[in-house]
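Novice: Requesting a structural model of the entry that follows:
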Amino acid sequence: MARLLRPLLRGTTYTRLLHLWVPMLFVSVWMFIDPSTPWVPALVLLPFGLIPAVRRGEGVQARLLLMPADEESVISVKASASRRDRLRTVLWLQVRMALGAVAMFATVWLPVLTVELVQVAVGGNPGDTPVLRDARPHWAYALLAPLPLVLLYGVVTGLGELVTHAARRLLGPSAAERLAALEERTERLLERNRIARELHDSIGHVLTVAVVQAGAARAAGDPAFTDRALDAIEETGRAALEDLERVLGILRESDRPVSGRPTMVDAGRLLESARASGAKVDAEITGPLDTVPGPVSREGYRILQESLTNVLRHAGTVPAGVRVDVTDRALVLEVRNPLTAATPGPGRGSGLRGIRERAALLGGRARTGPADGDWQVHVELPLR
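Specialist: Here you go, the predicted structure:
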């Protein structure tokens, strides 16, 4: 019983009824002007629904009154952008008018019928209701008095569900709007994925360098080496804080430019950081790094950073060869180090996956895995 009466305790039931009553205000005014033509308001709505802004207004009303608690409403609040949208709006207005007429009739006459049943039951005048006009007073009519109220309950809740379903179908997003929403959601996911890669590459590199340097300083037992290690940890930590602040700034300000991100011109900082950790890095850089396009240069920096991080994390302070070659067509990055048992396999590790994802997004290619006894990261990023 409590479940059956639950709709009476929900505010949505009454806001939906209000939504159905709103168009009846215009009908009521017209009935005072010419009660012989009740169909005129519905006829007026035909051209009115072709106005693009009407769809937006109807969508706002439907969201507020039909589904006020739905945070991800399927009701569109955009103006009509196509003929199909305008025709759907016209049909929606007619459906809303028809359901509103039924709701108005039910909410007015069913309670009146209950009152008149009670009056007849106690011997009073039945009034002008055609059903009870010729009824004779009898106590049994009191047993029928609740029936109109039960019917009213069913009509109100049923019409509320029906008008909500119609709104979803007729005021819902068009195919173009659904495609635009899907593209927007895809862009957000790609941005989140990019930020995740940024944090992984930047913070992961710094933490790896700090751990390796701290371990080397402890093992060396040399105060001078320890001082150099602490200086390197301080420098890389400061750079990590700058990267973290930049990434957090992107999260706070979606329109913030990415020009502040490090590029291949700053590759020397990465090489020095790796050398300060104890790794013997032999670098060969050919070609003008400053001519590499911004997106390619920024992603190339992160790929090189993640490659050196993998060397320190999995192989330790081993000799590593770095080759950076800028040609007319591509930026080629290659990092090689002796293959050890701790080196991850070709398909493992989020860092290696991030390298392949970055290369693929730029239309390039990346190969990671054993090669001639070494572990190799070879990436080619097209410049055009």
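Novice: alpha carbons only for contacts and neighbour counts from here, please
Specialist: Will do.
Novice: where do the helices sit along the stretch 251-384 of the chain?
Specialist: For the stretch 251-384 of the chain, the helices defined by DSSP state H, counting those that start in this stretch occupy 267-276, 294-310, 350-361.
Novice: among these, which is nearest Asp134?
Specialist: Shortest distance between Asp134 and the helices of the stretch 251-384 of the chain, using Cα to Cα, is found for helix 350-361: 82.3 Å.
Novice: got a list of what the spatially closest residue to Arg298 that is not a sequence neighbour touches?
Specialist: Distances taken as Cα to Cα, 6 or more residues apart in numbering place Thr263 nearest to Arg298, at 4.4 Å, with adjacent residues excluded. By Cα atoms under 8 Å, 6 or more residues apart in numbering, the contact set of Thr263 is 294, 297-301.
Novice: ok, back up a step: go through the helices of the stretch 251-384 of the chain and name the closest to Asp374.
Specialist: Distance to Asp374, taken as Cα to Cα, is lowest for helix 294-310 among the helices of the stretch 251-384 of the chain, at 13.2 Å.
Novice: tell me what that closest one is packed against?
Specialist: Helix 294-310 sits against helix 175-220, helix 267-276, strand 330-338, helix 350-361, strand 374-382, with contacts defined as 3 or more Cα pairs under 8 Å, 6 or more residues apart in numbering; DSSP states H and E.
Novice: ok, what's across the strand from Val324?
Specialist: Applying DSSP bridges to Val324 gives these bridge partners: Ile285, Leu333.
Novice: That one touches Leu331, doesn't it?
Specialist: Yes - the criterion here is Cα atoms under 8 Å, and Val324 meets it with Leu331 at 7.3 Å.
Novice: hmm, what's the outermost residue in the chain?
Specialist: In the chain, counting by Cα atoms, centre = their mean, Arg136 sits farthest out from the average C-alpha position, at 65.4 Å.
Novice: that's a strand at that residue, yeah?
Specialist: No - with DSSP: H, G, I helix; E, B strand; the rest coil as the criterion, Arg136 is coil rather than part of a strand.
Novice: For Ala121, see how far away it is.
Specialist: 9 Å (Cα to Cα, to the nearest Å).
Novice: Domains in this protein, by residue range?
Specialist: Listed by automatic domain parsing, the domain ranges of the chain are 2-173, 179-382.
Novice: still on that earlier bit, from the helices of the stretch 251-384 of the chain, pick the one with the highest average neighbour count.
Specialist: Between the helices of the stretch 251-384 of the chain, helix 294-310 has the highest mean count of neighbours, a mean of 23, where neighbours are mean count of other Cα atoms under 10 Å.
Novice: Quick one: mean pLDDT over it.
Specialist: Averaging pLDDT along helix 294-310 gives 85.
Novice: Can you tell me what sits against it?
Specialist: Identification of contacts with helix 294-310 by Cα under 8 Å, 6+ apart yields 198, 201-202, 204-205, 208-209, 259, 261-267, 270, 274, 289, 331, 333, 335, 351-352, 355, 358-359, 362, 377, 381-383.
Novice: In ChimeraX, how would I select the buried members of these?
Specialist: Here is the ChimeraX command that picks out the buried ones among those, judged by 16 or more other Cα atoms under 10 Å:
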select :198,201,202,204,205,208,209,261,262,263,264,267,270,274,289,331,333,335,351,352,355,358,359,362,377,381,382,383
